[in-house]
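In: Next input, structure requested:
(chains A and B)
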Amino acid sequence: MAKIDITNLRKTFGDDGEQIVAVDDFNLNIRDGEFLVFVGPSGCGKTTTLRCIAGLEDVTSGTIEFNGTDVTDKRARERDVAMVFQNYALYPHMTVRKNIGFPLRLSTKQTSEEIDSRVQNVTELLGIEDLLEKKPKELSGGQQQRVALGRAIIRDPEVFLMDEPLSNLDAKLRSTMRTELQELQQELGVTTAYVTHDQTEAMAMGDRIVVLNGGVLQQVGTASEVYRSPTNEFVAGFIGSPSINLFTAVVDGNTLTGPGGFSYTLEDESLVAGRDHVRVGIRPEDLTLSESGSLPCEVTVVEQMGNENFLYGKMDDIDITARIESEIRPSEGSVVEFGFAEEDLYLFDAETTEALKTKTGETDIDYDQYTQTKSVS
Amino acid sequence: MVLTAIQSTLRSSTTYQQLSDRVRYARQDLSGAVPSIPGLPYLYISPFFILFGIFLMFPAAYTFYLSFFDYVGVSNNILLSIQMGPVVISIPEIANLEFVGLNHYERLIFRDSLFHRSLFNTSFIFLVQVPTMVILGLATALVLDAKFIRAKGLFRTLIALPVATGLVAYSTIFLLLFNGEVGLVNYVLEQVGVGAIPWLGDGFWARITLVIAVTWRWLGYNMIILLAGLQTIPEPLYEAAEIDGANRWQKFRYVTLPQLRPVLLFVIVSSTIGTFQIFAEPYVITGGGPSNATITIVQYIYNQAFLQLNLGYASAVSVILVVLVSIMSIIQIRYGSEE
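Out: Residues are numbered from 1 along each chain as shown, chains lettered A, B, ... in the order given. I've put the predicted structure just below:
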């Protein structure tokens, strides 16, 4: 078990000529036993950061500490980390038994009987004890995934690192494994850093979420923090499914005027004081159909989800998404109007994209308690 | 009604016909425009089979046949004559052969000490050369595969270049280099204080000279194949091994070697076949000497066939060589591909 402190991490690729900055000015403290999820679009530096923690990449500058010990210059094999790779990286020529036992054969002086019994325990924990004599190519994706997990947990490492471990599985298996991984992590209590590009996965699994973009850390927080109080427009747009509706509005006193007839009068004028333009964000779930709403929208498609409908439409040339009740199905081409509560409105600076206002209200909820009850259920 | 009338008028017009032909040819990718002759594709691929039959199948089969005969001389007899009216087609016998059954094989296996000598020499070269070259080839491939090496392309080309040199040309150069009195190698050895080595004058050293020559020429070829094999090993396997706690040697032992196994097997089998067929190097560099210490099997076949005109006996040696090489290869493949 370990806490990890990353200070001023910077990682660039390429030599003298063209340098590509993968991660820049990255500071993060991972708590002991925490399940931390790195999320962001491809190329955002999340995998690079993970590989720096693993010791598979040399850092350009900055330090990485495990439990206060500087491990920046240590090799991966000296850091006591275990990693699950995206393609599992199982040794093709070894049986499941040998794959899982491999770290113990290398790094400890245990006898082969002791290793065998450890392998037995781990495979029983993962439910793959009947696959021991099979080679990786004879296994399904989900089984390979479990073998890779087995190889990671057998050593009882300080830190688990997982690089998109679920991305090669089909949707159903993915959600099963998601739950299993969380249960496993809670059972073992090992500090875990997990990389994914899927914000749903990040929200569902992480004790805390690290949102990255373009090699720069955007926000660290619990699922509800990054959802309710994003620090900037990028986080707001990346977190939440379907994603938030965003457009630019002109400020005139306390009135916001947007494309396609959008018009809204703010109760609190101070939010936009001294500005010409702001970026407006409203989550699809906060839009409600209304007789005389401030957001008119021409319906293009209505998708039925069973419990609700997703309404896709256009406000001038801006795409609008709304989640509406399943009984309501406006016909395509019709114009509907949406209203929303001001406490659900997001406002961002038009230039810096920093958040000016995020969701307010209901702030009394203890998020930590909320996430804990959520992850147990 | 009106529509059908227009359609039928259109269909009968010549323009329509031409147009529809063009559309049809275009649809069939013009294949409709080429007359179709049954069996034409076989005609196109026949040159290979004809050449293969004449220059490989027939000589191989004829060699096997010849190994049961003694070649007595050129014959003027007619083997087969077909009379078709005024035209007579006759096939001459070419060689005057005398059937000897298994005599050649009996003599080869039990009585021919020069053949045993050549078998020993070839085996010696094989046992020293193939392991040396595979280990050296793997080592150079590993070095050239390492991340820190610069100008990889240049080294790769330089090491692989000898394979493009003519057999006789490079053999002649080695003959000069390893000359006992005026050779560069002995000159250098004397300068550094090791002293001259009787490279071509002593049987053992003459064989070593051949090993060095063959290794120089084929190292690059095998290195390129091994390098290609190394580059197909997925990087995540090494990373997984690093995370699992493997050091350099353990990564080589548990990842590189098992992953490279099929490529290594290919290199070993093809080198084995190549070494058992070695001819030009002993022919040019040592001439089989001193006192037959470097005569190889193929050189012995050459001597028997083209110097002494014992074509039947030479064929029997060839058959034995095929059997030997086949056995070696089968053993290697069996052992090498065990799972």
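In: just the strands in the stretch 101-250 of chain A please.
Out: Secondary structure of the stretch 101-250 of chain A (DSSP state E, counting those that start in this stretch): strands at A:159-163, A:191-196, A:208-213, A:216-221, A:245-252.
In: Looking at those strands, which is nearest to B:Val185?
Out: strand A:159-163 (54.5 Å; C-beta to C-beta). Backbone N, C-alpha and C define where each C-beta goes, glycine included.
In: ok, B:Ala146 to B:Ala246 distance?
Out: 17 Å (C-beta to C-beta, to the nearest Å).
In: swap that for A:Leu104, please
Out: Applying C-beta to C-beta to A:Leu104 and B:Ala246 gives a distance of 12 Å.
In: Mind putting the strands of the stretch 101-250 of chain A into JSON lines with mean neighbour count and mean pLDDT?
Out: Conversion of the strands of the stretch 101-250 of chain A to JSON lines gives the following (neighbours: other C-beta atoms under 10 Å in any protein chain shown; pLDDT from 0 to 100):
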{"stretch": "strand A:159-163", "mean neighbour count": "24", "mean pLDDT": "91"}
{"stretch": "strand A:191-196", "mean neighbour count": "26", "mean pLDDT": "93"}
{"stretch": "strand A:208-213", "mean neighbour count": "24", "mean pLDDT": "93"}
{"stretch": "strand A:216-221", "mean neighbour count": "20", "mean pLDDT": "92"}
{"stretch": "strand A:245-252", "mean neighbour count": "18", "mean pLDDT": "91"}
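In: Can I get those in a markdown table including distance to chain B?
Out: Putting the strands of the stretch 101-250 of chain A into a markdown table (distance: least, C-beta to the nearest C-beta, whole Å) gives the following:
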| stretch | distance to chain B |
| --- | --- |
| strand A:159-163 | 8 |
| strand A:191-196 | 13 |
| strand A:208-213 | 21 |
| strand A:216-221 | 24 |
| strand A:245-252 | 38 |
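In: who's in contact with the one residue sitting closest to the centre of chain B?
Out: Centroid-nearest residue in chain B: B:Gly274, 6.1 Å away (criterion: C-alpha atoms, centre = their mean). By C-beta atoms under 8 Å, 6 or more residues apart in numbering or on different chains, the residues touching B:Gly274 are B:Trp218.
In: where does it fall, phi/psi-wise?
Out: phi -60, psi -40 (degrees, to the nearest 10).
In: And B:Asn247, by the same measure?
Out: The phi/psi pair for B:Asn247 (degrees, to the nearest 10) is phi -90, psi -180.
In: what about it, distance to A:Ala76?
Out: 11 Å.
In: With neighbour numbers in mind, choose between the two.
Out: When neighbours are counted by other C-beta atoms under 10 Å in any protein chain shown, A:Ala76 comes out ahead of the other of B:Asn247 and A:Ala76, with 24 against 13.
In: how many other residues sit next to B:Tyr302?
Out: B:Tyr302 has 17 nearby residues by other C-beta under 10 Å.
In: now B:Gly39
Out: 7.
In: With A:Leu256 instead?
Out: With other C-beta under 10 Å as criterion, A:Leu256 counts 23.
In: which ones are touching residue 231?
Out: You didn't say which chain, so I picked chain A. A:218-219, A:354-355.
In: Actually, chain B is the one I wanted.
Out: Contacts of B:Gln231 by C-beta under 8 Å, 6+ apart are B:Asp145.
In: how much space between it and B:Phe58?
Out: 41 Å.
In: Phi first, then psi, for the residue nearest to A:Lys3 when sequence neighbours are not counted.
Out: Spatial nearest neighbour of A:Lys3, excluding adjacent residues (C-beta to C-beta, 6 or more residues apart in numbering or on different chains): A:Asp32 at 4.4 Å. Backbone torsions of A:Asp32, given as degrees, to the nearest 10, read phi -60, psi 130.
In: Enumerate the residues of the stretch 1-150 of chain A near chain B.
Out: Residues of the stretch 1-150 of chain A found near chain B (C-beta under 8 Å from any C-beta of the partner chain) are A:54-56, A:75-77, A:81-83, A:85, A:87, A:89-93, A:102-103, A:106-107.
In: now, which of the residues you listed lie within strands?
Out: Taking DSSP state E as the definition of strands, those contribute A:81-83.
In: need the residues of chain B near chain A, please.
Out: B:234, B:236-237, B:239-247, B:250, B:254-255, B:258-259, B:261.
In: Filter those down to the buried ones.
Out: B:236-237, B:239-246, B:250, B:254-255, B:259, B:261 (16 or more other C-beta atoms under 10 Å in any protein chain shown).
In: From the ones in strands among the residues of the stretch 1-150 of chain A next to chain B, pick the one nearest chain B.
Out: Nearest to chain B among those, counting by C-beta to the nearest C-beta, is A:Met83 at 4.8 Å.
In: Can you name the residues bridging to the closest one?
Out: For A:Met83, the beta-bridge partners under DSSP bridges are A:Leu161.
In: re earlier: mind putting the ones in strands among the residues of the stretch 1-150 of chain A next to chain B into TSV with pLDDT?
Out: Below are those laid out as TSV (pLDDT from 0 to 100):
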residue	pLDDT
A:Val81	91
A:Ala82	91
A:Met83	92
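In: per-domain residue ranges of chain A.
Out: Using automatic domain parsing, the domain parsing of chain A gives A:4-233, A:240-357.
In: Turn those domains into JSON lines, including distance to B:Gln129.
Out: Shown next, in JSON lines, are the domains of chain A (distance: least, C-beta to C-beta, whole Å):
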{"stretch": "domain A:4-233", "distance to B:Gln129": "29"}
{"stretch": "domain A:240-357", "distance to B:Gln129": "65"}
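In: Which one of those domains lies nearest to B:Val211?
Out: Of all the domains of chain A, domain A:4-233 comes closest under C-beta to C-beta, at 32.4 Å.
In: Relative to chain B, how far out is the closest residue to A:Tyr346 other than its chain neighbours?
Out: Nearest-residue entry for A:Tyr346: A:Gly281, 3.5 Å, with adjacent residues in sequence omitted and distances by C-beta to C-beta, 6+ apart. With the distance defined as C-beta to the nearest C-beta, to the nearest Å, A:Gly281 ends up 39 Å from chain B.
In: Ramachandran coordinates for A:Gly281?
Out: Torsion angles, degrees, to the nearest 10, at A:Gly281: phi -130, psi 130.
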